[in-house]
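**Student:** model the following, please.
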Amino acid sequence: MTDISTLLIGGIPLVVVIFGLVEFAKVFGLAGKWLTLFSLVLGVAFGVTYKLATAAIPVDFAGWFVVVIFGLALGLVTSGLYDFVNNRIPAAKG
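**Tutor:** Have a look, this model is predicted:
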């Protein structure tokens with residue numbers, strides 16, 4: 001069973017780590033829609049991995065469904081937040 005405390009304790013730090021990795025990917029020239037896709041993929045991967053690490057391996061469809069939805073939600077949140085911030089805050093020159 002997933003409760004909100006699990007999401008807050010694990011999910012928020014994961015979002016911060018993903019933002020950091022996305023910023024790191026910019027150094028290597030990743031930009032635009034590819035950067036958004038990279039953020040989504042990282043979110044899904046980290047979300048699924050987090051759920052599998054903090055609970056028993058699911059044995060039924062409902063358990064796997066929760067794991068996949070958590071990963072997808074984290075991926076969508078990170079890519080959506082990245083796009084939101086990126087489109088509203090000008091890049092720092094320097």
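**Student:** pLDDT of stretch 54-69, averaged?
**Tutor:** Average pLDDT, stretch 54-69: 87.
**Student:** can you give me the end-to-end span of it?
**Tutor:** The first residue of stretch 54-69 is 15 Å away from its last residue (CA to CA, to the nearest Å).
**Student:** next: stretch 55-67.
**Tutor:** 10 Å.
**Student:** distance from the longest helix seen in the chain to the middle of the chain?
**Tutor:** Counting by DSSP state H, the longest helix found in the chain is helix 61-88. Distance, stretch centre to chain centre, for helix 61-88: 5 Å (CA atoms, centre = their mean, to the nearest Å).
**Student:** how about stretch 37-55?
**Tutor:** Using CA atoms, centre = their mean, the offset of stretch 37-55 from its chain centre is 6 Å.
**Student:** pick out the residue closest to the middle of this protein.
**Tutor:** Residue closest to the mean C-alpha point of the chain, counted by CA atoms, centre = their mean, is residue 43 at 2.3 Å.
**Student:** so which residues make contact with the one helix or strand it maps to?
**Tutor:** In the assignment (DSSP states H and E), residue 43 maps to helix 32-54. Residues outside helix 32-54 that contact it (CB atoms under 8 Å, 6 or more residues apart in numbering): 6, 10-11, 14-15, 17-18, 21-22, 25-26, 30, 66-68, 70-79, 82-83. The way it works is simple: take the backbone N, C-alpha and C, and place the C-beta from them, glycine included.
**Student:** just the buried residues from those residues, in ChimeraX please.
**Tutor:** Listed next is the ChimeraX selection for buried residues among the contacts of helix 32-54, using 16 or more other CB atoms under 10 Å:
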select :10,11,14,15,18,22,25,67,70,71,74,75,77,78,79,82
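**Student:** in three-state terms, how would residue 59 be classified?
**Tutor:** coil (DSSP: H, G, I helix; E, B strand; the rest coil).
**Student:** and it, how many neighbours?
**Tutor:** 8 (other CB atoms under 10 Å).
**Student:** next one: phi and psi at it?
**Tutor:** Per-residue torsions, residue 59: phi -110, psi -10 (degrees, to the nearest 10).
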